[in-house]
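Asker: Whatever this is, show me its structure:
(one chain, ligands or ions: 1)
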Amino acid sequence: MDTKLGAWAFIDIETSGIDATSDKIIDVGFIRFEGTSLVSSYRSLVRFPTEENPEEKLSYFIQKLTGINPKELKKAPPWRDVEVEIQALADCSLIAHNAEFESSFLEESFEKIGSPERTPGQRWNDSLYFLALLNPRSSSLGLEHYITKWGLREKEIHRGYEDSIDLLQVLLIEVYFIKTEMPFFYQHLIDQFISKKMNDYWFYLFFQLPVNDLLKIGEQIDFDLIATLKNKKAKDVSTLNGEQGVWDFDLEFGGEQVEKIFSNEKEIKKVFPHYQKRDSQIELAKRVGQSFKNKVHSMIQAPTGTGKTLGYLVPTVLFAKSKKEQVLISTGTKALQHQALEQDVPRLKNILGFNQDDLKVEKLVGSKNHYCELVFRSSDDGELLQGSLDFIQKVSQIFFENLFFLNAQNLDQAVTREEFPYVLRKKIPQMEQLYQDLAVDFAACTGKKCPYKGECAYLHGIKKAKDADVIIGNHALMFSWTKSFPRPQYIVVDEAHRLEKEATEAFSLELSGRDLSHLSSALSHLQGLGSLFYLLAQTEHEVGASTEVIGEIRALSQRTGAELKELVDFLDFSIESLFRKLPNYSEFYSNEIPFMKEQDLLSPLQKNILHYIVKLKTHLSNLIQTLSPHFERMQLENLKEDAVVTAFTRFNIFFSQLLQAEKSLNFALKSEANYTHVIKYQNGSGFVISSSPINIGSILNQELLLPSSSVVMTSATLANATGDMGAKGAEWSTGYLYLDPSRRFKTALYLPAVYDYKNRAKVFLCDDTPSIYDEKFIPKVMTSIEKILRGLGGRSLLLFSAKSRFEQAREYLLEKFEGEIPLFIQGMGAQVVEEFRKSGQGILLGMESFGEGIDIPGDALQFVFVDKIPDVRMDLVIKDRREFYNREIGNEFTDYYLSSRARSLQQKLGRLLRTDKDYGAVLVVDSRFKSWKKDTTDKFFKMMEPYQMRKAPIEEATAEVLKLFSL
Ligand code: SF4
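Answerer: Numbers count the residues shown, from 1 in each chain. Purely as a prediction, here's the structure:
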């Protein structure tokens, strides 16, 4: 054998489901090497159904995913024959993507021949971790992402042999790329593996292979590494070539100028090819301009097709440049933020003839979205020195080392916490903990004094944003603005219908059992307080003067840690028992009850829970009281050495966690007025004590509107088309209602619908279907719409509000249409929407949130199915809000409850018409609608305007839809 790699194999299996105890392997493939020489490869289907369970059926979903036909499986060799081939790999290092899955099905076969189970990183080597280490800046760790990134295939095949080969190709090219194009990162990684003593890690050995060995392995599987890298580079260069500036324009700010810009169709079309001059877009732009100029707040409803983003960007930029005032644009979603920055702003620069430096537009994300290197560095050294890290901890440490390393190389493109791969958080609790711990606490950040300031993405972002003309941020950022510079006085809030939810999250106080466990463990192990001891020792007036006080704090901390642990264990157990007794307890969702009050009639269990929460709070308060004088005595300005500044920051962060925990408990125990106090419990996640503001409008008024010169709040769905239904609820939930008349436009601006909804969108509401919880629901409604799907040859989007219904519909539709009309299914690849759009004749189905943001103009989408009228969340805070609204403001049922439901439904219907030539139909089914009173129905239909919604039996609605398309 010519390297230390030993015997190894890339292996992949396909199965009938994901549960190794009940599902079966149906396909296996592997490729085996000794050192760098290919020894053998193997592929085989496995007989299914098995003899023990001859009636078992392979789901249509698995057939679709793998392309395996059940007939082939019937003729395939039985598992006992295939298993022998697998057992021959007992001495190999096995490499698989998400290897836990393969090992859960295959480890038993090795045990049968006496091959002992091995620890992680021995038999099973998970390429998911290795790819994460090589790509700490990538949010995706799916195999398909890497297959498409390197142009190997258009998508993952989901077959044992092909996926094994594809995975090997991916790892070869990834390592080859780093070795040849990023030698500095290569060396960094080698140093990391060595420093963590991972010399036996199979991937380390693979990573170290000389380039010639990588090429040799590649050749044996017909994979040309050099050509693959060359092609990728050529592709990257071609996508970088953007459009050039076209128009030089005067920057004067004013209504006439705005009108002039939007009237120049010819020039704008050069960068926005589909641009058409629209009066409503000009009206929107003018209202933004007037708001800023007169320092008043405004609300604007801009229906789909208005050209909202360009509509507010033009006056924003003119205002920022000519008045030298910074403007904040707060977008509702990451996708919108990305779109504004990557597409709209560069095009706008072209329209207005700006060079790169003429207009500074910078993205700013909240502090919590950044990673604090100081916290990372000050928390891991101790453990590393003790050499006590296990394999997973080492992987977690190297991941963050790599992330900080690469971020520092390019601070402009620094990766943020938003991009952290969810799969790592889910799979590795240590990663989740680090992910939580490393969030920047802007109040504790030591800024200029920090030893890591030069490579800190958070500080870098602030520095750039400070000088920007326009900052693009999000709603969460608006509510937790940095202390480094004031929030801009002029703000555009896009997707303003999301403000209520975002503000609720931002202004709620929450403390979970997990937070408390983490605190108790930190106290017991003197984490955070170790920094205080260091600070006390460094600042003592004579040697040894602080020894006594350090001893006292240490004892108190450890005692408090132990007491907290006991209390949290008890609370975990008793809160779970309490919730499980509730009549409507759910295993799958979060449950909640009002926080107990002493004066209420409480059961013995509730009394105990309350008693223990009071004790928790008392322990925390005592500790805080002891620590406060030391905290107050430390002044950052007086601290000089890096080690002291680092220790201060650590202690500061820890102390603010204690304060936050105490505040959350205090809020709930004192039953702070105007808040809803609850205990939540979710199976698997534990309990949370939460306090949320009831009058969210008042909070938004005080925190956002009053301190700003002008805030423009805009959305496609604030109320109905003309603003005569639901508007008041929107004005309240955004804080607009509380403004003095001199500080706002009297009414919101409701721009006219751009598309002819009345004639081009037929919308039916059918209530003669079974209940959504009825087993017959999916078969019944799918049978009814089958004619439409077949008649249209696809061109449909189907949205479901529950996973079970989505999965049932998926099976139904695959059985009926596979081979006839292509189905594009959420979860089957990252490009599924794009593939649907390109196909022009498919059925796209997914969960309701999947539908958000789908933009498919033209004939590819002409029919939308929605499985129910969206509900308003039934949380206790929403209940309190509704009561508050009724008491203080008006008719909550119409203004808030019905209006919220109509707006959610409008968002879904908004997928249908995306240009003025589009037309089509929507079917919403909901048997609950039968019990709605006429008055409610009328109001709801009015709220759905500009859609002309009509109630009809499902068969009649289907017939009308067929007629619409002349089918
Ligand atoms: S500057 Fe602030 S956020 Fe950045 S590493 Fe230092 S303490 Fe952390």
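Asker: Helices along the stretch 451-600 of the chain, start to end?
Answerer: Secondary structure of the stretch 451-600 of the chain by DSSP state H, counting those that start in this stretch: the helices cover 457-466, 475-479, 499-507, 513-524, 529-539, 547-580.
Asker: Going by mean pLDDT, which of the ones you listed comes out lowest?
Answerer: Looking at the helices of the stretch 451-600 of the chain, the lowest mean pLDDT belongs to helix 529-539 (a mean of 87).
Asker: what angle do that one and helix 513-524 make?
Answerer: With axes from the mean of the first three to the mean of the last three CA atoms, to 10 degrees defining the directions, helix 529-539 sits at 40 degrees from helix 513-524.
Asker: how about low-confidence regions in the chain?
Answerer: 1-3, 117-121, 238-250, 380-388, 636-637 (pLDDT under 70).
Asker: do you know which of the helices of the stretch 451-600 of the chain lies nearest the ligand?
Answerer: helix 457-466 (4.4 Å; CB to the nearest ligand atom). Placement of C-beta: from N, CA and C, glycine included.
Asker: Now do that closest one: everything it contacts.
Answerer: 360, 362-365, 367, 370-372, 407, 411-412, 414-416, 440, 442, 445, 447, 450, 453, 471, 482, 484-485 (CB atoms under 8 Å, 6 or more residues apart in numbering).
Asker: Tell me the buried residues within those.
Answerer: 360, 362-365, 367, 370-372, 407, 411, 414-416, 440, 442, 445, 447, 450, 453, 471, 482 (16 or more other CB atoms under 10 Å).
Asker: For K776, see how far away the residue of the stretch 51-200 of the chain found nearest the ligand is.
Answerer: As assessed by CB to the nearest ligand atom, the ligand sits closest to P136 within the stretch 51-200 of the chain, at 16.7 Å. To K776, P136 is 49 Å away according to CB to CB, to the nearest Å.
Asker: And for whatever residue of the stretch 851-967 of the chain ends up closest to the ligand, the neighbour number?
Answerer: Using CB to the nearest ligand atom, the closest approach of the stretch 851-967 of the chain to the ligand is made by G853 at 31.5 Å. Per other CB atoms under 10 Å, the neighbour tally for G853 reads 14.
Asker: these two touch, right, it and T333?
Answerer: Yes: the criterion here is CB atoms under 8 Å, and G853 meets it with T333 at 7.2 Å.
Asker: ok, now which ones touch D875?
Answerer: Going by CB under 8 Å, 6+ apart, D875 touches E592, V678.
Asker: Quick check: phi and psi at R159.
Answerer: phi -130, psi 150 (degrees, to the nearest 10).
Asker: hmm, back to that, what about the ligand: which of the contacts of helix 457-466 touch it?
Answerer: Filtering these for neighbours of the ligand using CB under 6 Å from any ligand atom leaves C372, V440, C445, G447, C450, K453.
Asker: possible to save the helices of the stretch 451-600 of the chain as TSV with distance to the ligand and mean neighbour count?
Answerer: Compiled in TSV, those are given as follows (distance: least, CB to the nearest ligand atom, whole Å; neighbours: other CB atoms under 10 Å):
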stretch	distance to the ligand	mean neighbour count
helix 457-466	4	20
helix 475-479	15	22
helix 499-507	20	20
helix 513-524	18	20
helix 529-539	13	20
helix 547-580	23	16
